[in-house]
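Student: structure of the sequence below:
(4 chains)
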Number of protein chains: 2
Amino acid sequence: MSPRVSASAAAVTREGIVRASVDQASREGLEAVTIGRLAERLDMSKAGVIGPFGTKEELQLATFQEAAGLFRRDVWDPASEVEPGLSRLEAICEAWLVHLSGDTFPGGCFLTQTAAEFDGRPGRVRTAIKDISRLWEKVIAREAKVAIEQGDLAENTDPAQVAFELDAIAQGVNQAIQLRGEKDATDRGRRAMRRVLGLT
Amino acid sequence: MSPRVSASAAAVTREGIVRASVDQASREGLEAVTIGRLAERLDMSKAGVIGPFGTKEELQLATFQEAAGLFRRDVWDPASEVEPGLSRLEAICEAWLVHLSGDTFPGGCFLTQTAAEFDGRPGRVRTAIKDISRLWEKVIAREAKVAIEQGDLAENTDPAQVAFELDAIAQGVNQAIQLRGEKDATDRGRRAMRRVLGLT
DNA sequence: ATTAATAGCATACGCTCGTTCGCTTATGAT
DNA sequence: ATCATAAGCGAACGAGCGTATGCTATTAAT
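Tutor: Reported below is the predicted structural model:
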């Protein structure tokens, strides 16, 4: 009954499944992740893959949560060490742009991808996506509010509007990269974000 | 051999299938449109549904082209009657916002939806989506260029940047409506678009 | 050494998918 | 009236889907 020092074998296996699922979902969508192909890729049986989760919906939820953690690691964690306010907003934007052009998610922004996929399908997955999306908007708006209070953003600025616009720009960058293959998407995104933040 | 005055029976049937497919794809995605469910919905056999197209990929292409036509009808056609330049850009943005909050596509922006779904899957559908996306960016950039020449936008404005930002805002509005259910998404989008166009 | 729990495999289930094939109507021209 | 073409149905196919059921190793505790 004592807590383990190392993770159990099952936990390690589960983690490997989730990681493969994130990779697959990033490329082709969360619904296109099938248990059979995951099993083939991991050299396991279908029962062994779905076992730790029970149902595919649970696997999808675990996959999304893992992806949300990776986004947080890439974008929020580095920025959280910067002083709150405009500086942190700058750090968030820069980390965001690097994240979108990086290889954490080979198929592009996980949240945008899954949001488009599930926004018309009620269920626990959709709810999870919506919650993360709202949370992230609030995080940005909070920093914008601090920036306003510190006099780094115009007094009449609406924090939620800043969050909305930065989020929209990130979606635009993602589509420019993933669909149209534009090399200068990151530069365009940076310019747009800096304008929203009243920089230069 | 003489051309018909009225459409053939097959053409009428085909149009009905495509319309049902657009509706379904808007809600759940282009890949989630299945021949069996279309048949059930239209009270036809599966063979009758797929017959006019041959393969599902052809049906997907026809579905996307139909949706592109609806977008054009909603957004471009009304604006095309306005004088080129900034006024037309305003008209496009307003029609765009109405389109996004309207019921042409019950599941939201068709292009955003299918772009996210197919940007990682090479093929003719992806190419068609990419082409339309690039074309629309060019249409906006062209109007921005006219606006600059007419002195209605700052001389150092980059037309492609204007197109990028307006498109990004539209994506943001769509996600705010479809995923987060925000009632004021249209207002936020309008404010952001007007700022990009340098209006009040 | 024996036992109990864990981890994962092999198999099979009912279902839906896209596609194919032959047949039956209905239409329209001669 | 006859006949050829058009239009779509019914049935079947092989494949892949998510899930459930036993069973077999492996591990860990007694």
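Student: any residue of stretch A:45-56 touching chain B?
Tutor: No: using CB under 8 Å from any CB of the partner chain, stretch A:45-56 never reaches chain B; the gap is at least 15.1 Å. C-betas here are computed from N, CA, C, even on glycine.
Student: ok, now stretch A:60-73?
Tutor: No: for stretch A:60-73, no contact with chain B is found by CB under 8 Å from any CB; the gap never falls below 13.2 Å.
Student: flag every residue of chain A that's near DNA strand D.
Tutor: When proximity is defined by CB under 7 Å from any atom of the strand, chain A lies next to DNA strand D at A:9, A:33-37, A:46-47, A:50, A:54-57.
Student: so which of the residues you listed is the most crowded?
Tutor: Within the residues of chain A next to DNA strand D, most neighbours by other CB atoms under 10 Å in any protein chain shown means residue A:33, with 21 neighbours.
Student: show me what the longest helix anywhere in chain A packs onto, helices and strands only.
Tutor: Longest among the helix segments of chain A by residue count, using DSSP state H, is helix A:124-149. Here helix A:124-149 touches helix A:56-71, helix A:86-101, helix A:110-118, helix A:159-178, going by 3 or more CB pairs under 8 Å, 6 or more residues apart in numbering or on different chains; DSSP states H and E.
Student: so for chain A, the centremost residue is which one?
Tutor: In chain A, the C-alpha nearest the mean C-alpha coordinate belongs to residue A:71, at 4.1 Å (CA atoms, centre = their mean).
Student: that one and residue A:105, how far apart?
Tutor: Separation of residue A:71 from residue A:105 (CB to CB, to the nearest Å): 8 Å.
Student: kindly report the same for residue A:42.
Tutor: Taking CB to CB as the measure, residue A:42 falls 19 Å from residue A:105.
Student: residue A:81: how many residues sit nearby?
Tutor: Residue A:81 has 8 neighbours, counted by other CB under 10 Å.
Student: now the phi/psi pair for it, please.
Tutor: phi -90, psi -10 (degrees, to the nearest 10).
Student: returning to that earlier point: relative to helix A:159-178, how tilted is the longest helix of chain A?
Tutor: Angular relation of helix A:124-149 and helix A:159-178 on a 0 to 180 degree scale: 120 degrees, by axes from the mean of the first three to the mean of the last three CA atoms, to 10 degrees.
Student: so which bits of helix A:124-149 are buried?
Tutor: By 16 or more other CB atoms under 10 Å in any protein chain shown, the buried positions in helix A:124-149 come out as A:125-126, A:128-130, A:132-133, A:136-137, A:139-141, A:143-148.
Student: average pLDDT for that helix?
Tutor: Averaged over helix A:124-149, pLDDT sits at 98.
Student: quick one, phi psi at residue A:181?
Tutor: According to degrees, to the nearest 10, residue A:181 has phi 60, psi 40.
Student: and the helix or strand of chain A with the lowest mean pLDDT, what does it pack against?
Tutor: Ranking every helix and strand in chain A by mean pLDDT, DSSP states H and E puts helix A:9-28 at the bottom, with a mean of 94. Counting contacts by 3+ CB pairs under 8 Å, 6+ apart, helix A:9-28 packs against helix A:35-42, helix A:56-71, helix A:110-118.
Student: the longest one packs against which elements?
Tutor: Applying 3+ CB pairs under 8 Å, 6+ apart, we find helix A:56-71 packed against helix A:9-28, helix A:110-118, helix A:124-149.
Student: point me to the residue of chain A nearest DNA strand C.
Tutor: The nearest approach of chain A to DNA strand C comes at residue A:48, 2.2 Å away (CB to the nearest atom of the strand).
Student: so that residue sits against residue A:38, correct?
Tutor: No: using CB atoms under 8 Å, residue A:48 is not in contact with residue A:38; the gap is 9.9 Å.
Student: between these two, who's got more neighbours?
Tutor: Legend: neighbour count by other CB under 10 Å for residue A:48 and residue A:38, higher for residue A:38 (20 against 15).
Student: could you say which helix or strand holds the closest residue in space to that one that isn't next to it in sequence?
Tutor: Sequence neighbours aside, residue A:49 is the residue nearest to residue A:38 in space, at 5.0 Å (criterion: CB to CB, 6 or more residues apart in numbering or on different chains). Assigned by DSSP states H and E, residue A:49 belongs to helix A:46-50.
Student: wait, doesn't the residue nearest to the centre of chain A sit right on residue A:110?
Tutor: Yes: Residue A:71 lies in contact with residue A:110 (CB under 8 Å); the separation is 6.7 Å.
Student: neighbour count for residue A:42 and residue A:105, which is higher?
Tutor: residue A:105 (24 against 16).
Student: who are the contact partners of the residue of chain A at minimum distance from DNA strand D?
Tutor: Residue nearest to DNA strand D within chain A: residue A:36 (2.7 Å; CB to the nearest atom of the strand). Residue A:36 makes contact with residue A:46, according to CB atoms under 8 Å, 6 or more residues apart in numbering or on different chains.
Student: pLDDT weak spots in chain A?
Tutor: The model of chain A has pLDDT under 70 over residues A:1-7.
Student: let's see it at 90
Tutor: Across chain A, the ranges flagged by pLDDT under 90 are A:1-12, A:200.
Student: residues from it in reach of DNA strand C?
Tutor: A:8-10, A:12-13, A:43-49, A:51-52.
Student: among the residues you listed, which ones are buried?
Tutor: Among these, those classed as buried by 16+ other CB under 10 Å are A:13, A:44, A:49, A:52.
Student: which pair in these spans the largest distance?
Tutor: Maximum pairwise distance among those (CB to CB): 10.8 Å, between A:44 and A:52.
Student: list the contacts for the closest residue to residue A:74 other than its chain neighbours?
Tutor: Distance criterion CB to CB, 6+ apart; nearest residue to residue A:74, sequence neighbours excluded, is residue A:99 at 4.2 Å. Residue A:99 makes contacts with A:71, A:74-75, as judged by CB under 8 Å, 6+ apart.
Student: so can I have JSON lines of the residues you listed showing distance to residue A:188?
Tutor: Converted to JSON lines, the contacts of residue A:99 look like this (distance: CB to CB, whole Å):
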{"residue": "A:71", "distance to residue A:188": "21"}
{"residue": "A:74", "distance to residue A:188": "20"}
{"residue": "A:75", "distance to residue A:188": "19"}
